[in-house]
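Visitor: for reference, the sequence and a predicted model appear below.
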Amino acid sequence: MQVYVKATTLQRLAAFLIDLLLITFMATILTNVLLKIVPFDKDRYDELYELIMDVYKENPQDIVDEVGKSNLIEFFKLFAIQLLVNSLVTLVLIILYLVLLPMYWDKQTIGRLVSNTKVIRHKGDVKCHWSNVLLREIVGTFLMYSILGSIGIIVTIVMVLVSRRSLADYIGMTDFVMFNPVTVDENGKVQFENKQNETIYNDNPKYDESIDAKVNDTNDNNDTNDNNKENESDDEDDYIVI
C-alpha cells in the first residue's frame, strides 16, 4: 500500500510561482520575437498607448473626442494582435511545459522538482492520464486564469487553504502531493521515512485511526493479488492520499 501526503500550501505556492515565472519569461521573449514578424508596429502602439493614458488621466469623459476614433480603432487592432500572439504563445508553452513534459518526465516540472511535489490522479492509477492533464492544465490553468484573471488565483488559494486541492485539481480530478510516497507496514500502520513526513504526520489533524482502517480494508481486498503486484510499478490503484 502506498500513501501519498498532500503538498503543503507553501510547496504549492513555490511550484506555482516558479513555473509561472518560467512560462511568463519564455512567453515574453517569444511574443516579442513573433511581433517583429507579424504586421505589428510596436512604436505606433506605444505612441497611441501614451496618448490614450495622458488623455484618460486629464479628461477621461472626452477620451474619444480627444484621441480620435481612428486612433482608438488602430490602437485596439494593435492591442488585439499583441493579445492574440501572447495568448497563442502561452497556450503552446503550457501544452509543452505543463502537459507534455509531466507525461514523460518523472519530476514533472522545474517548479515541482524544486518543491519536491508531483501531480497524481485523485482516484485510479497514480500516473495521470492524458484526459486528466489536459483538463487540469488547459481548462483549469489556461482558460480559467485567462477568463477569471486574478480572481481565479484568489479562488485557487482559498480552495487550497480549505481543502488542500486547487481549482485545477478539481477540474482535472488530480491531487498535488509530495513526490515520494510513504509506506505502510504489515499491520496497516503508516511508516514515515524522513523527518519532514514525521512532522506532517504528527501535525496533520486529518490523520486518525480511520486512515489505518482504510489502509487495512484495502490490504484485505488486495491480499489475493499480492504476488502479481510485486512486479508492478507505482501506476497501480493501491494507494491513498492523506
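Guide: Thanks, I have it. The structure displayed is predicted, hence computed values, not measured ones.

Visitor: how's the chain carved up into domains?
Guide: As given by automatic domain parsing, the domain ranges for the chain are 8-177, 182-241.

Visitor: so of the ones you listed, which one's packed in deepest?
Guide: domain 8-177 (a mean of 16; mean count of other Cβ atoms under 10 Å). C-beta here means a position set from N, CA and C on the backbone, and glycine is covered the same way.

Visitor: what's the average pLDDT for that one?
Guide: Domain 8-177 carries an average pLDDT of 86.

Visitor: so which other helices or strands are in contact with the host helix or strand of residue 50?
Guide: Residue 50 belongs to helix 42-58 when assigned by DSSP states H and E. If contacts are counted by 3 or more Cβ pairs under 8 Å, 6 or more residues apart in numbering; DSSP states H and E, helix 42-58 sits against helix 63-67, helix 69-94.

Visitor: ok, now with 10 Å
Guide: helix 9-35, helix 63-67, helix 69-94 (3 or more Cβ pairs under 10 Å, 6 or more residues apart in numbering; DSSP states H and E).

Visitor: hmm, back to that, please identify which of the domains of the chain is closest to residue 2.
Guide: Closest to residue 2 of these is domain 182-241 (Cβ to Cβ; 4.0 Å).

Visitor: from the chain's centre, how far out does stretch 93-103 sit?
Guide: Offset of stretch 93-103 from its chain centre (Cα atoms, centre = their mean, to the nearest Å): 11 Å.

Visitor: kindly report the same for stretch 122-141.
Guide: 11 Å.

Visitor: quick one: the residue of the chain positioned farthest from its centre and residue 59, what's the gap?
Guide: Distance from the centre of the chain peaks at residue 65, with 44.4 Å (Cα atoms, centre = their mean). Here the criterion is Cβ to Cβ, to the nearest Å. By it, residue 65 lies 9 Å from residue 59.

Visitor: quick check: chain neighbours aside, which residue is closest to residue 108?
Guide: residue 102 (4.1 Å; Cβ to Cβ, 6 or more residues apart in numbering).

Visitor: give me the distance between the one you found and residue 94.
Guide: 11 Å.

Visitor: again with residue 111
Guide: 13 Å.

Visitor: shared neighbours of the two, which are they?
Guide: 19, 23 (Cβ atoms under 10 Å, 6 or more residues apart in numbering).

Visitor: residue 168 is in contact with residue 134, correct?
Guide: No: with contact defined as Cβ atoms under 10 Å, residue 134 does not reach residue 168; the gap is 11.5 Å.
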